[in-house]
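Peer 1: sharing a model that was predicted from the sequence below.
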Amino acid sequence: VSMLGWHLVAMLFHADCGSSSRQGSGRGTISTVLVLAVLAACTGHPLDPVSLSNHSVNIQPSSGAPSGKSLRSGASPSRTLNAGCNVSVVHQASHAPCTLGVSFGCFENNNSMWVADCRGTFACNTATNVNCPPQLGYGAEQVVCHCVNGVQPKPWPPLPPKPPKPSPPSPAPVPKCPGRPKGICPNILFLIDESTDGRTYRPGFAPVVIPDIQKLAAAGVQFDTHYVNAPECCPSRSSLWSGRYPHHIPHAQVGSGLHVNGAWNNFEGNPSDYNDLIGDVLQRHGYDVKIAGKTDWSAGGHSLTARLTGWTMYTQFPYNVNKTGGWSDEDCTSPAQVANGTDAKHRGDWVVVNQTIAWIQARAAEQRGNPTDPRPFFAYQGMNIVHPPYVTNQYWYSKIDQSKVTVPSWAPLDQLHPCDFQSSMLKGCTPPDGDPSGLYTEAHRKQIRSVYYAMISEFGAMVGEYMAALEAGEVSDNTVVIVTSDHGDMNMEHQQFYKMVPYDASSRVPLVIAGAGVTSAGRLVTAPTSHVDLFPTIADLAGVPQGDRPTVLEGESLVPFLTSNTVTPNTSPPRRDFAVVEWHGEENAMSWYMVTNGTFKCVIYGTGPHNEVPPLLFNLHADPDETANLAPQFPDVVADFEAKLKLVIPDYANVSLDVATYGIDSFKAWQGSNPNWRSVLQNSSDLRFHASFKANPEGSFAAIESWLAGGPNVKACRMGLVWPPVADADVEPLHHDSLAHQ
C-alpha cells in the first residue's frame, strides 16, 4: 500500500430520527450528523472475493457513545471485499443519540464507480474503520447517512461533485497506432439500433431487406452467436459502454443516494459523471468524438413505472387472467401500423443520421487536408428504431415478402415455464376472455412480425447512408464500421413481445465489424461473444495503451477474430468458450442467468437450479425455437453450465439476494420521500400498471405490505390464472387454448 495522499470529505446530513426504545422517550428528535471520511490510496491488485464474515470492521466508541453497535453482514454483497486500504467514518451528533445506518464505499481511479461497499449499523458518536480493496485509486466521494429501525429518512441530499480527472492537453496529441500504415489510427463508426433479433441478419431466416449491411458483412466479419449482457435498454448499454457485466456496475442511486451494486433495471446504470466510458477513453487518447442519438447508459433515466416494476419484482400482486388479463404494465395487443406512402415514422433517427454525416464529412475534409498526421474520429449514433411500437410506412412495408413471414405457434398457458407465464402476463400478452384485439389470430401476429422486419430494413438503409458518406469523404479505407443492437425483441415468439427474457429473440443480437484492418473478409464467427467484449475491441482497434484503459474491463477483445480465420484464435489466456446474460428487472418475475456455448443454452433462475424454479436447457441447433427443455434429462449438463456461470459471477445466488434487498430498500426510500405514495399508486394513470392496480387496490396494497414485512427473499415465479389461488371450479377456462394455433 502506498500513501498517495489523504482526502477529506465533509458532508452535512439532516436525519429525522425517532427515539430508540432504550432512550425511554417516544418523542422524535432532529439530529444533525456531520460525517467525515478519510481514505488512504492503494496500489492495484486483483480482486480476491472473500466472505464478509472475514472482513475486518473495527468499531471504536467515542466518549459517551451508547452501546448496541452491530454489523449487518447481509446488507450488501461482499464479492470484491478484501484487505487493503482503510476508511474512517466519524459521527458527531449535536442531540440525543439515535441509531443510524451508514453506507460508504471505495472508488476506482477517482471515479464514482463503486467497486466495494461495506454497510454497518452504528450508534451516533462512534467511529468505524473498514478495509477496502487494495486495487482502488483514491478519493472518498460519498458517505450516505440515513435512519434505520423502521424510521423513514428524509430525501438524501445530492452528492457533492467529485474532483475531475486532470484534463489532457487541448487538443490532445494525435494518437499513433504502431503496426498500421504510417502509424495512422483508424476512424471508428459505431451504429447501434434497438430491439433487433440477431438471427434476422442470417440469410434466409427472415425476409428483411438489408443490402448495405449484407455488403458490409461480406467485406468484414459477422458474429452469429453474439449476445447482450442484459436484454434491456439502459443495463445493456451501461455494460457495453463501461466494459463491465451488469452485476458489476455499482453506483449511487439517483434521488435516494442508496448504494446499488449493479444495473438491475432501466433506472440503474453508470453514474452520470463516470468518465471512463468508451467515448471518454478515446477522447483522452486523441480521437475526435461525436456521440449522437440515443445514449441511455446512465442511472436515473426512464419512468416511474420502470422503477416501481423493477423494485416490486417479488411483490405478489393479485391478478385474474380470465377477467382482466392478469397483472400487466405493458400492452402487446396493439396492432402494428403502416402509414401511407413514404410518411416518415422514424424521422427523428433520420435527422440525427444527417447531422452526424455532416460532422463526419467535416472531419473527413480535415483528414484530407493533413494526410500525413490525420486526427481520427469516433462517431456513434444510437437509433430508436426498431423499438416498439411496431410502426412503418408503405414504402418499407412493401419490401417485405409476405409469403416468407412465419408465425410462431403458442403453447397453452398452463404448459409454459412459470417465469415465461409471468413475463407473458406482465407484458400484457395474456388478454382476458372476450378480448377484441385479435392477438390470438395469426393475421394479427403476422402483421406485427412484418412491420418489425420493415423497421429493420429501414435501419439497414440508414447504415447505407453512412457507408455512402464514408466513400464520398474518401475515408472508407481507414474507417472501421461496427453495427449491432442493444437487445432483441420477442416479436410474438413464446407469446411475448419486447425483450427481458433469455430466449435468442430477446438476448441474441447482430454484430458486424468491417473496414480498416479487418482482413478476415466474409467470415461468419460462430464462437459465442457478447457486448462486454466491445470495449476492449474498440480500445485495441484505436491503439489505446493498456495503462490508459479502465482498471476493470471484463470482456475479451474480438480483434483476433478480425485478423484470423481459425475457429477460435489462439490467445493468452485462452478466451472463454461461452457467453453470459443476466436480468433482474422489469417484465420479469425473478433474477435469471443464461449461459450458452453456441450449441446449448442453459437458463438458471434465482439462487440455483435446485431451488426456486427448475432450469431450462435447449439445444439451439436441433431446437432453434427453444421449445424442448432438456434440463430434466441432462442434470450433469446443467451443472457444467452452472460452473461456467460461476467463472463470471462466482456468487450469483448472492447477487439475486442483493437484488431482492435492493428492491425493498429502494421502495422504502421512495415511500419516505413521497408521503402520498398510496395515492400515486392507486390514482396515477401515468403508471402503466394503473388498470391492474385499480382492479383490486385493497389486495394490491396488502401485497406490498406483505412483501415489505417479509424482508428480502428470492421468490419463485408463480403459475395459475388467478392469484391468490382459488378452487379450480371458480376459474373459467381461457379461450386461448383453442385459438393458440389458428
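Peer 2: Cool, got the structure. Residues are numbered from 1 along each chain as shown.

Peer 1: what separation do you get for the residue most central in space within the chain and H251?
Peer 2: With distances taken as CA atoms, centre = their mean, the residue of the chain nearest its centroid is P235 (1.5 Å). Distance of P235 to H251, computed by CB to CB, to the nearest Å: 12 Å. (Glycine included, C-beta is placed from N, CA and C.)

Peer 1: need the overlap of contacts for these two.
Peer 2: 268-269 (CB atoms under 8 Å, 6 or more residues apart in numbering).

Peer 1: mind listing the helices for the stretch 151-300 of the chain?
Peer 2: For the stretch 151-300 of the chain, the helices defined by DSSP state H, counting those that start in this stretch cover 211-219, 233-242, 278-285.

Peer 1: dump these into CSV; add distance to A653 as well.
Peer 2: Formatted as CSV, the helices of the stretch 151-300 of the chain follow (distance: least, CB to CB, whole Å):
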stretch, distance to A653
helix 211-219, 40
helix 233-242, 20
helix 278-285, 31
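
Peer 1: between these, which gets nearest to Y319?
Peer 2: helix 233-242 (26.0 Å; CB to CB).

Peer 1: what are the buried residues along that closest one?
Peer 2: 233-242 (16 or more other CB atoms under 10 Å).

Peer 1: may I see those residues organised as TSV, with pLDDT added?
Peer 2: What follows is the buried residues of helix 233-242, written out as TSV (pLDDT from 0 to 100):
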residue	pLDDT
C233	93
C234	96
P235	97
S236	97
R237	97
S238	97
S239	98
L240	98
W241	97
S242	97
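
Peer 1: so which of the helices of the stretch 151-300 of the chain is nearest R449?
Peer 2: Across those, R449 has its closest neighbour in helix 211-219 (19.1 Å, CB to CB).

Peer 1: which other helices and strands contact the closest one?
Peer 2: Helices and strands touching helix 211-219, by 3 or more CB pairs under 8 Å, 6 or more residues apart in numbering; DSSP states H and E, are helix 442-472, strand 479-485, strand 511-515.

Peer 1: got TSV for the ones you listed, with distance to K427 too?
Peer 2: Formatted as TSV, the helices and strands packed on helix 211-219 follow (distance: least, CB to CB, whole Å):
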stretch	distance to K427
helix 442-472	13
strand 479-485	19
strand 511-515	26
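
Peer 1: so which of those is the most surrounded?
Peer 2: strand 511-515 (a mean of 26; mean count of other CB atoms under 10 Å).

Peer 1: after it, next one along is what?
Peer 2: Sequence order places strand 523-525 as the next helix or strand after strand 511-515, per DSSP states H and E.

Peer 1: could you look up the SS state of V613?
Peer 2: Three-state assignment for V613 (DSSP: H, G, I helix; E, B strand; the rest coil): coil.

Peer 1: that one reaches C419, doesn't it?
Peer 2: Yes: contact between V613 and C419 holds when scored by CB atoms under 8 Å: they sit 6.2 Å apart.

Peer 1: now do the buried residues in the helix or strand hosting R363.
Peer 2: Element membership for R363, per DSSP H and E: helix 347-369. Buried positions in helix 347-369, judged by neighbour count with 16+ other CB under 10 Å: 349-350, 352-353, 356-357, 360, 363-364, 367.

Peer 1: cool, and stretch 330-341?
Peer 2: So stretch 330-341, judged by 16+ other CB under 10 Å, has buried residues 330-334, 336, 338.

Peer 1: which residues are in contact with that stretch?
Peer 2: By CB under 8 Å, 6+ apart, the residues outside stretch 330-341 that reach it are 345, 389-395, 397, 426-429, 431, 435, 437-439, 444, 447-448, 450-452, 496-498, 587, 688.

Peer 1: for stretch 709-720, same thing?
Peer 2: Counting by CB under 8 Å, 6+ apart, 314, 316, 414, 417-419, 421-422, 589-591, 605-607, 611-613, 656-657, 660-661, 663-664 sit against stretch 709-720.

Peer 1: mind running it again at 6 Å?
Peer 2: 314, 418-419, 421-422, 589-590, 606-607, 612-613, 656, 660-661, 664 (CB atoms under 6 Å, 6 or more residues apart in numbering).

Peer 1: same question for stretch 502-520.
Peer 2: 186, 196-198, 201, 216-217, 219-223, 226-228, 231, 478-485, 488, 490, 493, 499, 562-563, 565, 581, 592, 594, 603, 626.

Peer 1: and the buried residues of helix 233-242, which two are furthest apart?
Peer 2: C233 and S242 (14.9 Å).

Peer 1: next, format the buried residues of stretch 330-341 as JSON lines and append pLDDT.
Peer 2: Listed next are the buried residues of stretch 330-341 as JSON lines, based on pLDDT from 0 to 100:
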{"residue": "E330", "pLDDT": "92"}
{"residue": "D331", "pLDDT": "91"}
{"residue": "C332", "pLDDT": "92"}
{"residue": "T333", "pLDDT": "93"}
{"residue": "S334", "pLDDT": "92"}
{"residue": "A336", "pLDDT": "95"}
{"residue": "V338", "pLDDT": "96"}
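
Peer 1: and those residues as a markdown table, adding distance to G699 and secondary structure?
Peer 2: Shown next, in a markdown table, are these (distance: CB to CB, whole Å; DSSP: H, G, I helix; E, B strand; the rest coil):
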| residue | distance to G699 | secondary structure |
| --- | --- | --- |
| E330 | 21 | coil |
| D331 | 22 | coil |
| C332 | 24 | coil |
| T333 | 24 | coil |
| S334 | 27 | coil |
| A336 | 34 | coil |
| V338 | 41 | strand |
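
Peer 1: rewinding a little: between V613 and C419, which one's more packed in?
Peer 2: Shown here are V613 and C419; by other CB atoms under 10 Å, C419 has more neighbours (25 against 21).

Peer 1: check which helix or strand the more buried one maps to.
Peer 2: Using DSSP H and E, the element containing C419 is helix 418-426.

Peer 1: list the buried ones in that helix?
Peer 2: Buried positions in helix 418-426, judged by neighbour count with 16+ other CB under 10 Å: 418-426.

Peer 1: dump it to CSV, restricted to CA.
Peer 2: What follows is helix 418-426, C-alpha atoms only, in CSV (Å, rounded to 0.1, in the frame of the first residue of the first chain):
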residue,chain,number,x,y,z
PRO,A,418,-43.6,-20.4,-14.6
CYS,A,419,-41.3,-17.5,-15.4
ASP,A,420,-42.4,-17.4,-19.1
PHE,A,421,-46.0,-17.3,-17.9
GLN,A,422,-45.3,-14.3,-15.7
SER,A,423,-43.4,-12.5,-18.4
SER,A,424,-46.2,-13.0,-20.9
MET,A,425,-48.7,-11.7,-18.4
LEU,A,426,-46.6,-8.8,-17.2
